[in-house]
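Trainee: below is the structure, and that's it, no one-letter string:
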(Lines give C-alpha, C1' and ligand atoms only; values in the text may rest on other atoms or scores of the structure.)
Protein backbone atom coordinates (compact mmCIF):
# COMPACT_ATOMS: atom_id res chain seq x y z
CA UNK A 1 0.00 0.00 0.00
CA UNK A 2 1.16 3.49 -0.77
CA UNK A 3 1.66 5.51 2.37
CA UNK A 4 -0.35 8.72 2.21
CA UNK A 5 -0.90 11.47 4.73
CA UNK A 6 -3.54 14.13 5.29
CA UNK A 7 -2.82 17.50 6.87
CA UNK A 8 -5.35 19.66 8.70
CA UNK A 9 -5.08 23.15 10.19
CA UNK A 10 -7.79 23.05 12.82
CA UNK A 11 -10.94 21.95 10.96
CA UNK A 12 -9.53 22.96 7.58
CA UNK A 13 -8.22 20.26 5.22
CA UNK A 14 -4.83 21.31 3.82
CA UNK A 15 -3.59 18.44 1.65
CA UNK A 16 -3.51 14.69 1.10
CA UNK A 17 -0.55 12.96 -0.51
CA UNK A 18 2.76 11.24 0.04
CA UNK A 19 5.32 12.68 2.44
CA UNK A 20 6.96 14.90 -0.18
CA UNK A 21 3.61 16.32 -1.33
CA UNK A 22 2.59 17.07 2.26
CA UNK A 23 5.95 18.68 2.99
CA UNK A 24 5.57 20.88 -0.13
CA UNK A 25 2.01 21.88 0.83
CA UNK A 26 3.04 22.77 4.37
CA UNK A 27 6.01 24.76 3.09
CA UNK A 28 3.68 26.61 0.70
CA UNK A 29 1.37 27.79 3.47
CA UNK A 30 4.33 28.65 5.69
CA UNK A 31 3.94 29.94 9.20
CA UNK A 32 0.40 31.19 8.53
CA UNK A 33 -1.22 27.88 9.43
CA UNK A 34 -2.08 27.27 13.05
CA UNK A 35 -2.92 24.01 14.84
CA UNK A 36 -1.41 21.76 12.18
CA UNK A 37 -2.22 18.07 12.53
CA UNK A 38 -0.87 15.37 10.24
CA UNK A 39 -2.45 11.91 9.94
CA UNK A 40 -1.22 8.67 8.39
CA UNK A 41 -4.12 7.59 6.14
CA UNK A 42 -3.29 3.89 6.57
CA UNK A 43 -3.71 4.00 10.35
CA UNK A 44 -5.60 7.23 11.03
CA UNK A 45 -3.03 8.08 13.71
CA UNK A 46 -1.27 11.41 14.12
CA UNK A 47 2.30 11.51 12.85
CA UNK A 48 5.13 13.99 12.62
CA UNK A 49 7.39 14.55 9.64
CA UNK A 50 10.62 16.49 9.45
CA UNK A 51 9.85 19.86 7.84
CA UNK A 52 13.39 21.27 8.06
CA UNK A 53 14.93 22.40 4.81
CA UNK A 54 13.15 22.79 1.52
CA UNK A 55 10.68 20.25 0.20
CA UNK A 56 13.05 19.38 -2.66
CA UNK A 57 16.16 18.71 -0.59
CA UNK A 58 17.00 15.04 -0.15
CA UNK A 59 16.54 13.90 3.44
CA UNK A 60 19.07 11.71 5.18
CA UNK A 61 18.80 10.16 8.55
CA UNK A 62 21.68 10.10 10.98
CA UNK A 63 24.05 7.19 11.18
CA UNK A 64 23.95 3.86 9.46
CA UNK A 65 20.71 2.86 7.72
CA UNK A 66 18.68 0.14 9.40
CA UNK A 67 18.26 -3.11 7.55
CA UNK A 68 14.76 -3.54 8.91
CA UNK A 69 15.14 -7.15 10.02
CA UNK A 70 13.35 -7.95 13.27
CA UNK A 71 13.72 -11.16 15.23
CA UNK A 72 10.43 -12.35 16.72
CA UNK A 73 9.02 -15.61 17.92
CA UNK A 74 6.81 -17.69 15.62
CA UNK A 75 4.80 -20.57 17.04
CA UNK A 76 4.05 -23.40 14.61
CA UNK A 77 3.10 -27.04 14.83
CA UNK A 78 5.85 -29.64 14.30
CA UNK A 79 4.50 -30.52 10.83
CA UNK A 80 4.79 -26.84 9.84
CA UNK A 81 8.42 -26.69 10.98
CA UNK A 82 9.13 -29.93 9.10
CA UNK A 83 7.66 -28.50 5.90
CA UNK A 84 9.56 -25.22 6.30
CA UNK A 85 12.83 -27.08 6.86
CA UNK A 86 12.43 -28.82 3.48
CA UNK A 87 11.93 -25.58 1.54
CA UNK A 88 14.78 -23.98 -0.44
CA UNK A 89 16.38 -21.26 1.64
CA UNK A 90 14.95 -22.53 4.91
CA UNK A 91 12.23 -21.26 7.20
CA UNK A 92 13.05 -17.53 7.14
CA UNK A 93 13.20 -17.22 3.36
CA UNK A 94 10.02 -19.26 2.93
CA UNK A 95 8.10 -17.27 5.55
CA UNK A 96 9.18 -13.95 4.02
CA UNK A 97 8.09 -15.16 0.57
CA UNK A 98 4.71 -16.34 1.90
CA UNK A 99 4.13 -13.02 3.67
CA UNK A 100 5.06 -11.01 0.58
CA UNK A 101 2.75 -13.12 -1.61
CA UNK A 102 -0.11 -12.59 0.87
CA UNK A 103 0.57 -8.84 0.99
CA UNK A 104 0.47 -8.60 -2.81
CA UNK A 105 -2.76 -10.59 -2.97
CA UNK A 106 -4.39 -8.35 -0.34
CA UNK A 107 -3.14 -5.12 -1.91
CA UNK A 108 -6.28 -4.72 -4.00
CA UNK A 109 -8.58 -5.66 -1.11
CA UNK A 110 -8.16 -3.23 1.78
CA UNK A 111 -9.24 -4.71 5.08
CA UNK A 112 -12.59 -3.38 6.32
CA UNK A 113 -11.40 -3.70 9.93
CA UNK A 114 -8.19 -1.76 9.28
CA UNK A 115 -10.22 0.93 7.49
CA UNK A 116 -12.69 1.23 10.39
CA UNK A 117 -9.83 1.47 12.90
CA UNK A 118 -8.10 4.16 10.83
CA UNK A 119 -11.33 6.17 10.65
CA UNK A 120 -11.83 5.69 14.40
CA UNK A 121 -8.33 6.98 15.26
CA UNK A 122 -8.72 10.00 12.99
CA UNK A 123 -12.23 10.83 14.22
CA UNK A 124 -11.26 10.48 17.87
CA UNK A 125 -8.74 13.30 17.45
CA UNK A 126 -10.76 15.51 15.11
CA UNK A 127 -14.34 14.89 16.25
CA UNK A 128 -14.09 13.25 19.67
CA UNK A 129 -15.72 16.20 21.43
CA UNK A 130 -18.33 16.94 18.76
CA UNK A 131 -22.03 16.17 19.04
CA UNK A 132 -22.89 12.81 17.52
CA UNK A 133 -19.36 11.38 17.86
CA UNK A 134 -20.37 8.28 19.83
CA UNK A 135 -23.28 7.56 17.49
CA UNK A 136 -21.00 8.01 14.48
CA UNK A 137 -18.46 5.56 15.90
CA UNK A 138 -21.19 3.00 16.62
CA UNK A 139 -22.44 3.41 13.04
CA UNK A 140 -18.87 3.11 11.73
CA UNK A 141 -18.33 -0.26 13.42
CA UNK A 142 -21.82 -1.39 12.38
CA UNK A 143 -20.78 -0.48 8.81
CA UNK A 144 -23.88 1.69 8.53
CA UNK A 145 -22.89 4.58 6.28
CA UNK A 146 -26.31 6.22 6.40
CA UNK A 147 -26.31 6.32 10.22
CA UNK A 148 -22.71 7.60 10.20
CA UNK A 149 -23.66 10.44 7.85
CA UNK A 150 -26.65 11.30 10.01
CA UNK A 151 -24.61 11.36 13.23
CA UNK A 152 -21.84 13.45 11.66
CA UNK A 153 -24.11 15.79 9.68
CA UNK A 154 -23.25 18.87 11.76
CA UNK A 155 -19.47 18.38 11.68
CA UNK A 156 -17.22 20.35 9.34
CA UNK A 157 -17.44 18.65 5.96
CA UNK A 158 -13.67 18.16 5.74
CA UNK A 159 -13.64 16.06 8.91
CA UNK A 160 -16.80 14.10 8.09
CA UNK A 161 -15.70 13.44 4.50
CA UNK A 162 -12.17 12.36 5.42
CA UNK A 163 -13.46 10.02 8.16
CA UNK A 164 -15.89 8.49 5.68
CA UNK A 165 -13.15 8.18 3.04
CA UNK A 166 -10.90 6.33 5.49
CA UNK A 167 -13.79 3.95 6.24
CA UNK A 168 -14.62 3.42 2.55
CA UNK A 169 -13.49 -0.26 2.39
CA UNK A 170 -15.97 -1.08 5.17
CA UNK A 171 -19.08 0.66 3.82
CA UNK A 172 -21.58 -1.68 2.26
CA UNK A 173 -19.82 -4.90 3.21
CA UNK A 174 -21.52 -7.54 5.34
CA UNK A 175 -20.62 -7.67 9.01
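Mentor: Structure's in. What do you need? Please read these numbers as outputs of a predicted model, since none were measured by experiment. Numbering: from 1, shown residues only.

Trainee: what's the mean pLDDT across stretch 88-97?
Mentor: The average of the pLDDT scores along stretch 88-97 is 85.

Trainee: contacts for that stretch next, please.
Mentor: Contact partners of stretch 88-97, identified using Cβ atoms under 8 Å, 6 or more residues apart in numbering, comprise 74, 81, 84-85, 87. Just so you know, the C-beta spots here come from the backbone N, C-alpha and C atoms, and that holds for glycine as well.

Trainee: narrow these to those that are buried.
Mentor: Buried subset of the contacts of stretch 88-97 (neighbour count, 16 or more other Cβ atoms under 10 Å): residue 84.

Trainee: in strands, which of the contacts of stretch 88-97 appear?
Mentor: With DSSP state E as the criterion, strands contain none of the contacts of stretch 88-97.

Trainee: closest to residue 123 out of the contacts of stretch 88-97?
Mentor: residue 74 (34.6 Å; Cβ to Cβ).

Trainee: check the secondary structure at the residue nearest the centre of the chain for me.
Mentor: Nearest residue to the geometric centre of the chain (Cα atoms, centre = their mean): residue 42, 1.4 Å. Under DSSP: H, G, I helix; E, B strand; the rest coil, residue 42 falls in the coil class.

Trainee: before we move on, the earlier item: dump the contacts of stretch 88-97 to CSV, plus distance to residue 126.
Mentor: Converted to CSV, the contacts of stretch 88-97 look like this (distance: Cβ to Cβ, whole Å):
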residue, distance to residue 126
74, 38
81, 47
84, 45
85, 50
87, 47
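
Trainee: show me which of the contacts of stretch 88-97 has the smallest pLDDT value.
Mentor: Lowest pLDDT within the contacts of stretch 88-97 is found at residue 74 (80).

Trainee: I'd like the distance between it and residue 91.
Mentor: Separation of residue 74 from residue 91 (Cβ to Cβ, to the nearest Å): 8 Å.

Trainee: please apply the same query to residue 162.
Mentor: Residue 162 is 42 Å from residue 91, by Cβ to Cβ.
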